[in-house]
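Asks: here's my sequence, what's the structure:
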Amino acid sequence: MTKSRLELITDAILAIIMTIMALEIHTPAAPTLKAFGTILVPLFAFFVSFFGLTNLWLAHHHLFKQVKRISYRTVFLNMALLFWVTLVPVSTSWVADYPQKALPEQFFIIIQLGWFVFIDLLIRSVHYDNPNLDTNLHITNWWTNGLFILFLIFPIPYSGLVLGSLVMIRVPILWIRRERHGELD
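Replies: Predicted coordinates:
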């Protein structure tokens with residue numbers, strides 16, 4: 001398997017997922033502010049998931065930029081990541097429809113936590129396959145995972161969306177800092 005084929009399938013699936021999420025947002029029932037208010041939570045859920053996937057896409061691109069060798073373990077982990085990520089439209093739609101209910105919030109958090117775990121495993125696999133790889137890429141850390149687990153155990157209304165937005169804001173800030181310090185090209 002070549003690096004370009006793996007990147008192509010990943011790019012295609014992420015683009016399809018983002019498109020599906022956009023299609024899940026329905027127009028307001030009437031041309032009024034009140035009707036527009038009914039789609040604010042779905043728009044916010046879409047925003048959080050879309051930019052979360054954008055962060056994933058950027059990390060994936062940065063990770064594979066210098067890769068020379070791809071093992072079947074790496075291919076499998078990438079496909080497992082993509083499988084997990086294909087559940088993002090389902091979790092986004094469900095949490096948008098029922099943001100104050102525990103089960104949709106927990107499912108949304110499980111999906112986010114799951115793809116964090118798989119991207120972390122993918123990073124480790126790529127580094128194992130390419131020991132001379134010069135990337136200092138970390139997606140998750142103890143406090144991020146701890147917050148996800150805390151809200152998974154004790155869900156409160158909108159917790160998945162709030163937590164997702166905090167992570168979604170934190171990641172671009174880290175990318176911009178790394179770029180300023182010359183760690184990215």
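Asks: which of the helices or strands spans H60?
Replies: helix 40-64 (DSSP states H and E).
Asks: which is the next helix or strand following that helix?
Replies: Taking DSSP H and E, what comes next after helix 40-64 is helix 72-85.
Asks: where along the chain do the helices fall?
Replies: 3-23, 33-37, 40-64, 72-85, 88-97, 102-129, 142-153, 159-180 (DSSP state H).
Asks: out of those helices, deepest packed?
Replies: helix 88-97 (a mean of 22; mean count of other Cβ atoms under 10 Å). From N, CA and C alone the C-beta is placed, and that goes for glycine too.
Asks: which elements pack onto it?
Replies: Applying 3 or more Cβ pairs under 8 Å, 6 or more residues apart in numbering; DSSP states H and E, we find helix 88-97 packed against helix 3-23, helix 40-64, helix 102-129.
Asks: relative to helix 72-85, how tilted is the last one?
Replies: Following axes from the mean of the first three to the mean of the last three Cα atoms, to 10 degrees, one obtains 160 degrees for the angle between helix 102-129 and helix 72-85.
Asks: relative to helix 3-23, how tilted is helix 102-129?
Replies: Interaxial angle of helix 102-129 relative to helix 3-23 (the same axes, to 10 degrees): 170 degrees.
Asks: quick check: mean pLDDT of helix 102-129?
Replies: Taken as a whole, helix 102-129 carries a mean pLDDT of 87.
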